[in-house]
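[1] missing the sequence, but the structure's below:
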């Protein structure tokens, strides 16, 4: 993995504007990880992918993260800071290709979800509220073999308890894929867990950065006639000094 130049990051941002969140994640990693083929990226587990995105975010914007949340009890908005290390879980480089669950005479052989699964689910036009349908589709894609007392079964016939056990084992095998933050509301002291999604978080930061730096390019190009390439190649400090002189 390598850091992206300002110009490269802007190109990624521009391409990502018309993409789904899953495609944006892959576009970012493909640009920064030339040593990993697109096919390999697509087949990484979600936790492995998110671990790479965390590393790329750290070398792009630093280790400190600032996020906002709304208390589900009283509606208070709170800002909280944390570090990349706080949400990074050491992952096994080579996760098992398949996992097995043997419970209540059921034998389920399955694999961990990857980006191909998420892209397929996104393309299915599910509504955000259609959680049960999304989970069912994901399990159907990831289930390699399903038997009850030695006889082949369909996923529609599996009890909810078995499906829940499969999901739990997936989460345990790939914990980076499900990061939750423990939050406390300073106003009402309500405690809850908030999901941290590195894909949406990182992209939001990139979008804010891109809009800001394009405004800076516009200001300096208008004032000095410099090209976008020359302005983007400047260090942040030098660019800021020129901006201050323009506005003086």
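    Noted; the coordinates are in hand. Because the structure is a prediction, the values reported are computed rather than measured.
[2] surely residue 185 is in contact with residue 77?
    No - with contact defined as CB atoms under 8 Å, residue 185 does not reach residue 77; the gap is 9.8 Å. Backbone N, C-alpha and C define where each C-beta goes, glycine included.
[3] which residues do these two both contact?
    residue 71 (CB atoms under 8 Å, 6 or more residues apart in numbering).
[4] pLDDT at the residue nearest to residue 148 when sequence neighbours are not counted, what is it?
    Nearest residue to residue 148, sequence neighbours excluded (CB to CB, 6 or more residues apart in numbering): residue 106, at 5.3 Å. Residue 106 is assigned 95 on the pLDDT scale.
[5] need phi/psi at residue 106.
    phi -100, psi 140 (degrees, to the nearest 10).
[6] before we move on, the earlier item: please say which of residue 185 and residue 77 ends up with more neighbours.
    residue 185 (19 against 10; other CB atoms under 10 Å).
[7] how close does the more buried one get to residue 192?
    Residue 185 is 8 Å from residue 192, where distance means CB to CB, to the nearest Å.
[8] try residue 29
    Taking CB to CB, one finds residue 29 at 31 Å from residue 192.
[9] avg pLDDT for the strand or helix carrying residue 231?
    Counting by DSSP states H and E, the element that carries residue 231 is helix 228-233. For helix 228-233, the mean pLDDT works out to 96.
[10] can you point out the buried residues in that helix?
    Neighbour counts using 16 or more other CB atoms under 10 Å place 228, 231-232 of helix 228-233 among the buried residues.
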